[in-house]
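J.: have a look; sequence and predicted model below, questions after that.
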Amino acid sequence: MRPAMRPTMILLGLAITVVAAVTGVTRLFRMGMQQGYAPAQPIAFSHKLHAGDNKVPCLYCHYGARSSRHAGIPSSSVCMNCHGLLEKQTVEIERFKEAAQLDRPLMSWVKVHNLPDFVYFNHSRHVLSDVDCKNCHGDVANMQRIEQVMPLTMGWCLSCHREHAGVPTSTLDRAARRFSETPKPATGLDCASCHY
Amino acid sequence: MSDHCNGAKDKLVALGARRPPDYWKSPEELRKGASLRGEFPGGLPSPGRDDHGDPEGETTRRDFLTLMGFGVTAAGLAACRAPEQRAIPMAVATDEMVPGVANYYATTCGGCASACSLVVKQRDGRPIKIEGNAASALFGGATCATGQATVLSLYDNERLRGPLWHGSPAEWHEIDERVGAALAEAHARQAKIVLLSSTITSPSTREIIERWRHAFPSFRHVVYDPVSASALRTATAAAFGRAVIPHYAFDRARVIVGLDADFLGTWLSPVEFARQYARGRAPEGPPTLHVQFEPGMSITGSNADRRVAVPPSALGAVALALLARIARRANEPEVAAPPDPVDAKTLNSVADELWRHRGESLVVSGCNDVAIQLVVHTLNRLLGNVGRTLDLDRPSLQRMGDDAEMATLVEELARGEIHTLILHGVNPAYDYADPGGFLTGLSKVAFSISTADRRDETSAAVHAVCPDHHFLESWGDAEPVAGMLSLCQPIISPLFDTRAVAESLLRWLGEPSDPYGFLRDYWRTAVLPRQQAFRDFDAFWDQTLERGVLDLGAPAGATIADPGGADWRAAAATLRDESQRAASPGGDAHYELALFESVPLRDGRHANNPWLLELPDPITKMTWGNVALIAPSLATQLGLGDGDVVSLTTADGAIEIPVFQQPGQHPRTLSVALGYGRRQVGKAGNDVGKNAFPLTRLVRGARRTWASGVTLASTGRRDKLASTQSHFSMEGRPIVLETTRAEFGRAGDAEKLPNLWNERPQGERSWGMSIDLDSCTGCSACVVACQAENNVPVIGKDQVQRQRIMHWIRIDRYYRGSEDNPQSLHQPMMCQHCGHAPCETVCPVLATTTSSEGLNQQVYNRCIGTRYCANNCPYKVRRFNWYNYTQNPRFDFHMANPVGRLVLNPDVTVRSRGVMEKCSLCVQRIHAVKNAAVKRGEPMKDGEIKTACQQVCPTDAIVFGDLNDPKSRVAQRMQSERTYRVLDDLGTRPNVAYLKKVRHGQTT
């Protein structure tokens, strides 16, 4: 290598390293995030048709959200409440009709909004506190196929919890106020509220 | 400031001084002083090497770092997504079951014959936690350690999957045909048909047995309890006309004298008795005296005000000595007694107290000796206790075994006289006094059937095994005390192809065999008419099934005549003769052997239950095995140390067993726990400990569980014992405190230490807990309850020896006084949820912090396993997962197989390797109640949140609640003069406080 080229090579090497590091680290931080995840489901159920055009309320099918930690995916018998009486039959409808008649689960849905095992999210607490389903699940009534639109990271959950507790949400704000104010206690911000 | 500093310094100096500690946990500690041991004396597994120093695979540290570096880069470069997860909803939803919401069903425990009432928590169609039924007047909401563990025995992977014929899997209809043929043959030939079962408290099952008696004239039912109360029943028949067990009321007694009766641990109905005992001995109430005469230290003895160690051969003499004194006061003709077996002063003062509180006293004996029981009955009768502290109108039906009948049966078996033998809930090939003799007799039976749930010692030798359901899968009923009924309903569909015994018995009778239908019919015809609240059966059934218990009142015409004519004088004479013979033993080389039922394993039926195998015995803290308990003075004299294996020889056989020093043990008696040494019970329990059942024999028609003329010889071998007694030592600091009745009226002096921390912002609530050391008997039900509720793993004997036992709550048992007869004290110790927690400040990643409500919360996903928090915790309550104890074939207890994992609580994380865990004050229960309160729109009530340990405690020693609510029970307990906090002078400000134990009549 010619001595004159050396500073350029160093700068180039540095630039490549910086780009690789930034990309690598950003990708690492996004590892496990599923924003934009919209997998194909075994039955092409359309929320746009049911929740949107037909205005079926979320809690009609996902009734678990009112009383349990899990909102739940409705069993075939819930679908049969209407589809047992309707005339229009499609291949998709035949599939879950068979399951309802046999009383045997015949297919498994792909979970879209998936939290890691070490997080205990409780739907009923949020539903009973009048948090709208749209806040976390997005505009489901206009989704043909369910897509996870929110990041569902802990930081994102905490931003709402902090707002609810009246605590500043931005890091800079929190740092700035740390030495002037005593932090307000809020049970929603306790680690053990979700990790236990 | 300087004054206070000097005071603190003095304290530190005093702690360092070498003087015998006030409280000590083991003889070593007493003699050598508390030792300062390293935090992890079991040693740390070094990288690349496992516990035994063997290299663990080929990876070295350098390889590990290389792989990690590569892995991280690869992960960053690839578009990494979380793995796809699937969800399967139910095909047809029911309105009863919502995933994530628990249902609770009332039933009855089948862990032993006490038949405690239960409410079982069910998630997703399977039971995961057992609680007591608060609606029961007998048992309240409490259970014992064994009862708590029975939920795991449902998910025992070694349960039979279906019936067996000659050891091979068979079909039910095949076996039914063969049984039918055998019974027809027996009936035609008038040959004997015997049902050999353990105590059956179920009235409907007894009805089925009645039908068998009608159908087969040559049929008889023999009841066999390996640890029996046969002598008590015989004596009650002789003294009061009915072969029953009196129903004792310890809460009505101001003076209790126990003669080797472990009524707080294992005798008859320990949950009920512990509840009564605590109620009767509340420090604010009238004083109660409890004196215990026993050879070894039992839980009951450790809670007694006065305990006298006597050899088992002298228990009769003690009873007689008391009888002689009471008879004199009662103006009865003189009772000649042998020389006093213990000093006369003690006997005189006990007799004085008994007489002073006649009508409010109670003498009980667990000795299986008819003569002693007759003497005890006479004592109670002369003291006017009958009908006051012991009830014969509503007797207990919790033990019905008859030792003499069992012996007769074994003789008939040996002569080949039995044609058909059905064995239900018994295992005589393990626990009979002559197992070999029994097996020989069994081989002569033309057709033998066992309803055992596994291939055990007995069912391996029968023709047909027709496995019974677990009680959590069964319909049934129970009557533990006459007139107090409870129902039993299944909480889960049968897991395997087992069949209810009721169904088998009905089918073999040729009757319609629906156990549910039969039960309902029985209740419609036999129970409905006996109550007044309901006329419609269906309403009655639904209500009673939901409630679980039914009190029918005393059976009509039940008043027991008080004949007083039983030949107790003859019994007294027998005892006198016997004790005179025992008084001249064959020289110094002979000892006595006392056998007892251990609290964890009882009579051995739960020997494959890993929770019970690992539960430290409340007194010895021994896990995974039994030992021969020996007095420290005798051990020193013979040159024996803990773990030295000795050979104990009696007239009935010999066993080789390691010894263990037990303070308070009688110096000429060795005690060995029954229930161990099983050979065919399952992977976990096989060959754990030594079987002492063959060392018993029949004396006067009752099985004697002690022997004299025992010789002892050292074998020179040494076994490593897994006792947690010296683990987690607090190193001589004042941990347990006690006071006396006289003193506790005065206010305590709480030192206020200077505080270096800023005040933490207080939330609306502050969770706290108060534990009453006076009520705690040390039964350890809370330990198993916590294990069940929080998915605490079982780690095995080897790991326990390395001080790695995982129980979040432990019962520390302290002695005080001399080695020969110390006082004892039990202290449950769990995370103290310190306001200024030493563990929080040293965590490098802030995996443990204090919540806004005062809970010290452990965040498992953040923990990196530094273990500095465990190091810094002065209470030594943090437990570390050294290995992956779950889904790891190396620790295959219950968490490594799919059946055993069904017991896990889905509301609590299952921790993996490298993560610290500790008591969380059942935060999942706090959340559950909070959510329920939000749902119904009303605030939470005090007492609504019950931690697992609190809920099972029979004596209500543990109370949890909101310290900020002045009306809550826990806040009121905190105001008590007896309240103190452990190691308060370290400035940790724990939210868990204790109430000092109150000693009767002595100064501290």
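T.: Yep, that arrived.
J.: neighbours of A:Val119, how many?
T.: Number of residues near A:Val119 (other CB atoms under 10 Å in any protein chain shown) recorded here: 14. Using the backbone N, CA and C atoms, a C-beta is placed for each residue, glycine as well.
J.: try B:Pro966
T.: B:Pro966 is surrounded by 10 other residues when neighbours are defined as other CB under 10 Å.
J.: A:Thr171 now?
T.: Residues contacting A:Thr171 under the criterion other CB under 10 Å number 9.
J.: check the one 4 residues further on too.
T.: As a burial measure, A:Ala175 scores 10 neighbours (other CB under 10 Å).
J.: and it, how close does it get to chain B?
T.: Using CB to the nearest CB, to the nearest Å, one obtains 16 Å as the distance from A:Ala175 to chain B.
J.: quick one: that residue is in a strand?
T.: No: membership of A:Ala175 in a strand is not supported by DSSP: H, G, I helix; E, B strand; the rest coil, which gives helix.
J.: mind checking the SS state of residue 162?
T.: I'll assume chain A. With three-state DSSP as the criterion, A:Arg162 reads helix.
J.: how about it, what does it touch?
T.: Under the criterion of CB atoms under 8 Å, 6 or more residues apart in numbering or on different chains, the contact partners of A:Arg162 comprise A:Pro168, A:Thr169, A:Leu189.
J.: for B:Glu185, same thing?
T.: Under the criterion of CB under 8 Å, 6+ apart, the contact partners of B:Glu185 comprise B:Ala191, B:His419, B:Ala446.
J.: what helix or strand is it on?
T.: helix B:172-188 (DSSP states H and E).
J.: these two touch, right, B:Asn881 and B:Lys918?
T.: No: under the contact definition of CB atoms under 8 Å, B:Asn881 does not touch B:Lys918, with a separation of 11.5 Å.
J.: the two: which has the busier surroundings?
T.: Each of B:Asn881 and B:Lys918 has its neighbours counted (other CB under 10 Å); B:Lys918 has more, 24 against 21.
J.: who touches the more buried one in this structure?
T.: Remark: with contacts taken as CB under 8 Å, 6+ apart, B:Lys918 is in contact with B:Trp808, B:Met830, B:Cys831, B:Asn856, B:Gln858, B:Val877, B:Arg878, B:Arg879.
J.: who does the residue nearest to B:Ile245 when sequence neighbours are not counted form a beta bridge with?
T.: Residue nearest to B:Ile245 in three dimensions, not counting chain neighbours: B:Ser396, with 4.4 Å by CB to CB, 6 or more residues apart in numbering or on different chains. The residues listed as beta-bridge partners of B:Ser396 by DSSP bridges are B:Ile245, B:Val481.
J.: what about B:Ser396, how many neighbours?
T.: Residue neighbour count, defined by other CB under 10 Å, stands at 27 for B:Ser396.
J.: residue of the stretch 701-850 of chain B closest to chain A, please.
T.: B:Gly763 (4.0 Å; CB to the nearest CB).
J.: now swap in the stretch 101-250 of chain B and tell me
T.: Nearest residue of the stretch 101-250 of chain B to chain A (CB to the nearest CB) works out as B:Val101 at 4.7 Å.
J.: assess the claim that that residue and A:His70 are in contact.
T.: No: checked against CB under 8 Å, the pair B:Val101 and A:His70 is beyond contact range at 9.1 Å.
J.: point out where chain A drops to low pLDDT.
T.: A:1, A:32, A:182-183 (pLDDT under 70).
J.: pick out the residue closest to the middle of it.
T.: A:His113 (3.9 Å; CA atoms, centre = their mean).
J.: the helices in chain A, which residues?
T.: Counting by DSSP state H, the segments of chain A that form helices are A:6-29, A:47, A:58-61, A:64-67, A:76-83, A:91-102, A:123-128, A:133-137, A:154-165, A:171-177.
J.: close to chain B, is the longest one?
T.: Right, helix A:6-29. Yes: contact check for helix A:6-29 against chain B, using CB under 8 Å from any CB of the partner chain: residues in range are A:Thr23, A:Gly24, A:Val25, A:Arg27, A:Leu28.
J.: now do the fourth one
T.: Yes: Helix A:64-67 lies within reach of chain B by CB under 8 Å from any CB, at A:Gly64, A:Ser67.
J.: who touches that helix?
T.: Applying CB under 8 Å, 6+ apart, the external contacts of helix A:64-67 come out as A:58-59, A:70-72, A:123-124, A:127-128, A:133, B:98-101, B:935.
J.: now with 7 Å, please.
T.: Contacts of helix A:64-67 with the rest of the structure, by CB atoms under 7 Å, 6 or more residues apart in numbering or on different chains, involve A:Leu59, A:His70, A:Ala71, A:Gly72, A:His123, A:Ser124, A:Val127, B:Val98, B:Pro99, B:Gly100, B:Val101.
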